[in-house]
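Chemist: Make a model of this:
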Amino acid sequence: WDKWLWDIRQCFRGDKDPLGDLDEQNREFDNEGDYWRWNGGELPESLSSRPLFTMGHKATISFGIVIAHHSVPMAIALENLWEAEEEAKAQKYHNGCLIKDKKKCYAQKDAVQVRILYGNGNILKATCKFDVFHQWQELIAIPGLDSAIFEQAATIWNQHPAPIYEAIEPWTNAFCSRREALKDDKSMREKFQELLIQFLQGLWLTTESGTECDQQINNWLKVAAFLIRNRDIDIKLGGERQ
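Modeler: Okay, the predicted model is just below:
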């Protein structure tokens with residue numbers, strides 16, 4: 001879901017096609033001028049040959065996502081979905097500028113809130129701006145990572161969070177250097193360390209400081225652990241595992 005959610009956001013804004021992040025020439029869509037134009041060879045039957053109009057690069061879009069245990073009633077899941085969307089729209093942070101009468105200027109909307117509804121009634125909520133969501137998405141996409149690494153990060157951050165922004169990098173370096181799971185693979189450790197720093201710094205800068213920021217960091221790390229544990233779900237059809 002995190003991949004298609006990012007794709008929808010990019011298409012809505014007429015932003016870069018995520019498919020070709022590493023190679024501009026391989027993008028299926030060209031996004032020049034707030035339009036998406038097919039750029040992937042033979043035109044699929046489902047697409048029009050005309051440029052596809054988008055809402056433009058200044059547009060914002062906010063999402064609520066709910067992942068619910070099968071025992072959670074549909075009415076409760078839907079109620080949480082609507083609430084998640086509203087809270088995503090309301091997400092704001094002081095962006096450093098001042099307007100008339102020295103009032104703080106806030107960046108709003110363009111955010112996503114994820115809610116995980118467990119069978120025991122507990123709810124895990126995590127909210128962030130879409131740019132930070134993309135950093136989180138890249139972090140959990142590192143091949144070979146175990147969910148335990150994110151659970152450990154959440155636990156240690158909850159017990160000993162970085163006190164200031166400048167401490168995030170040394171905090172992350174110290175955390176990674178003590179993880180047995182990362183010691184045998186230098187390239188994985190360096191990649192994980194780099195992306196974790198970027199994600200933590202991004203979330204710190206775009207979340208109200210203090211307790212709220214620490215809570216969001218903790219929650220997003222827990223969501224990462226949950227998703228990695230549940231990425232591949234075995235389904236038996238006709239006696240065969242799919």
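
Chemist: contacts and neighbour counts: CA atoms only from here.
Modeler: Noted.

Chemist: ok, W4 - how many residues close by?
Modeler: 10 (other CA atoms under 10 Å).

Chemist: That one: which element?
Modeler: Taking DSSP states H and E as the definition, W4 sits inside helix 2-13.

Chemist: Now that helix: buried residues?
Modeler: Within helix 2-13, the residues that qualify as buried are W6, D7, R9, Q10, C11, F12, R13, counting by 16 or more other CA atoms under 10 Å.

Chemist: same check, this time on stretch 38-52
Modeler: Quick answer for stretch 38-52 (16+ other CA under 10 Å): W38, L52.

Chemist: same question, stretch 169-179
Modeler: Neighbour-count burial for stretch 169-179, counted by 16+ other CA under 10 Å, picks out E169, W171, T172, N173, F175, C176.

Chemist: ok, the closest residue to L43 other than its chain neighbours to A153 distance?
Modeler: Spatially, and ignoring its direct neighbours in sequence, L43 is nearest to S49 (7.2 Å; CA to CA, 6 or more residues apart in numbering). Taking CA to CA, to the nearest Å as the measure, S49 falls 48 Å from A153.

Chemist: Which residue is the nearest non-sequential neighbour of the residue nearest the centre of the chain?
Modeler: With distances taken as CA atoms, centre = their mean, F133 lies nearest the centre of the chain, 2.6 Å away. Using CA to CA, 6+ apart and skipping the chain neighbours, the partner closest in space to F133 is V112 (7.7 Å).

Chemist: helix/strand/coil for the one you found?
Modeler: Taken by DSSP: H, G, I helix; E, B strand; the rest coil, the conformation at V112 corresponds to strand.

Chemist: cool, and N95?
Modeler: strand.

Chemist: hang on, it packs against Y106?
Modeler: Yes - look at N95 against Y106 with CA atoms under 8 Å: they come within range, at 5.6 Å.
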